[in-house]
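> Okay, predicted coordinates and the sequence, questions at the end:
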Amino acid sequence: MKWPRLCATSLAIARRGAVARVVVAWVTRQMILSLDNASSEPNLESVVMPAYDSTTALIVVDVQNDFADPAGSLYVKTGEQVVALINDEIARAVAAGARVFYTQDWHPESTPHFAKDGGAWPVHCVMDTWGAELHPALAIGGPVVRKGSNGEDGYSGFSMRDPASGETVPTPLGDLLAEAGVTRLVVCGLATDYCVKATVLDSRERGFPVTVLGNAIRAVDLEPGDGDRAVEAMFDAGALLESRAAVGEAGGPAGDAQADG
Ligand code: VGL
Ligand code: ZN
């Protein structure tokens, strides 16, 4: 949907006189009616918002060696491809006065998160090791929020679950966003079906309008289709899915309804 474009067209017509003004009023009314009719669609609020401003934060989820490097212990297929795209997005965000926050899976050597200790995963992102480091090519332009250091399952950037007690504890991310006056989020990173999904669903529960950068996420796909189902779940929760071209690529941002607004 291209409402901002329609608005611009309407304004151009408006300059041409009184008769045209009636047309503009009609068009505007239809737009408002359409918005009303569609207000049950959860993702509309994002559609009419600008790409980046000072109240928006870009959240870069777990772009770490163990996920993004082919030699990583929990390598997410083609994970390395998101790094350049995310760097472009960081530049775009910073240029518009938006903040950038990073999450980092940060586990102790033993945690019920790991298969060897009764959990689900190969050993990965052990604190202070190469695998836990953010990808060396990733541009760093903001605070890094670590999750899992006390043995928790740290899927969401906002909260962690103690695998033993089941208790949920917050990470510093929520407070950091509040202190920065952030009211809207753009999310990208790894992995689509785990930490990206958990972070996006948590964001929606906290009331943030969220845009997910569809070409800057990758899935583990333990079961085929997990990534697609995760995207569906994020969409159903009201997140807008958007793909953007890399900076310098012909045609500019691909999902430009927001960028042009
Ligand atoms: C993640 C599995 C285990 C993720 C973290 O970052 O998506 N996935 N730990
Ligand atoms: Zn983990």
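Looks like it arrived, so ask away. Numbering: from 1, shown residues only. Ligands and ions are numbered 1, 2, ... in the order given.
> what residues does the stretch 151-261 of the chain put near ligand 1?
190-191, 194-195 (C-beta under 6 Å from any ligand atom). Every residue, glycine included, has its C-beta placed from N, CA and C.
> and the two most separated of those residues?
Spatial extent of those (C-beta to C-beta) is set by the pair Leu190 and Tyr194 at 8.3 Å.
> The two: which is more packed in?
Shown here are Leu190 and Tyr194; by other C-beta atoms under 10 Å, Leu190 has more neighbours (31 against 25).
> distance of the more buried one from Trp106?
14 Å (C-beta to C-beta, to the nearest Å).
> Repeat that for Ala237.
Separation of Ala237 from Trp106 (C-beta to C-beta): 26 Å.
> So between the two, which is more surrounded?
Between Ala237 and Trp106, counted using other C-beta under 10 Å, Trp106 has the larger neighbour count: 21 against 17.
> for the more buried one, what are its contacts?
Contacts for Trp106 were tallied using C-beta atoms under 8 Å, 6 or more residues apart in numbering; they are 125, 127, 132, 146-149, 154.
> Ligand 1 versus that one, what's the distance?
Separation of Trp106 from ligand 1 (C-beta to the nearest ligand atom, to the nearest Å): 10 Å.
> Spatially nearest residue to that residue, not counting backbone neighbours?
Leaving aside its sequence neighbours, Trp106 sits nearest to Arg146 (C-beta to C-beta, 6 or more residues apart in numbering; 3.8 Å).
> Is the one you found bridged to anything, and to what?
Counting by DSSP bridges, Arg146 is bridged to Gln104.
> for Pro170, same thing?
Going by DSSP bridges, Pro170 forms beta bridges with Ser159.
> and the helix or strand hosting Val231, which residues are buried?
Using DSSP states H and E, Val231 maps to helix 226-236. The neighbour-count check on helix 226-236 (16 or more other C-beta atoms under 10 Å) flags 226-227, 230-231, 234 as buried.
> hmm, who's touching that helix?
Applying C-beta under 8 Å, 6+ apart, the contact partners of helix 226-236 are 42-43, 192-193, 196-197, 200-201, 204, 210, 212, 214, 217-221, 241.
> Likewise for stretch 114-126?
With C-beta under 8 Å, 6+ apart as the contact definition, stretch 114-126 has outside contacts at 62, 64, 66-67, 72-74, 104-113, 131-132, 148, 153, 163.
> For ChimeraX, write the selection for the buried entries among those residues.
Applying 16+ other C-beta under 10 Å to the contacts of stretch 114-126, the buried members can be selected in ChimeraX as follows:
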select :62,64,66,67,72,73,74,104,105,106,107,111,113,131,132,148,153,163
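> Show me the beta-bridge partners of the one residue sitting closest to the centre of the chain.
Centre of the chain computed as the mean C-alpha position; nearest residue by C-alpha atoms, centre = their mean is Val187, 1.0 Å away. Beta-bridge partners of Val187, counted by DSSP bridges, are Ile59, Val212.
> Quick check, it in contact with Thr56.
No. If you go by C-beta atoms under 8 Å, Val187 and Thr56 don't touch, sitting 11.2 Å apart.
> residue ranges for the helices of the protein, please.
For the chain, applying DSSP state H gives helices covering 3-14, 18-37, 44-47, 65-68, 82-95, 173-179, 197-205, 226-236, 256-259.
> Mark which of the contacts of helix 226-236 are part of strands, please.
Using DSSP state E, 210, 212, 214, 217-218, 241 are the members of these that sit in strands.
> Pick out the most distant pair among those residues.
Largest separation among the ones in strands among the contacts of helix 226-236 by C-beta to C-beta: Val210 and Arg218, giving 18.1 Å.
> give me the low-pLDDT residue ranges for the stretch 51-200 of the chain?
By pLDDT under 70, the weakly predicted segments of the stretch 51-200 of the chain are 163.
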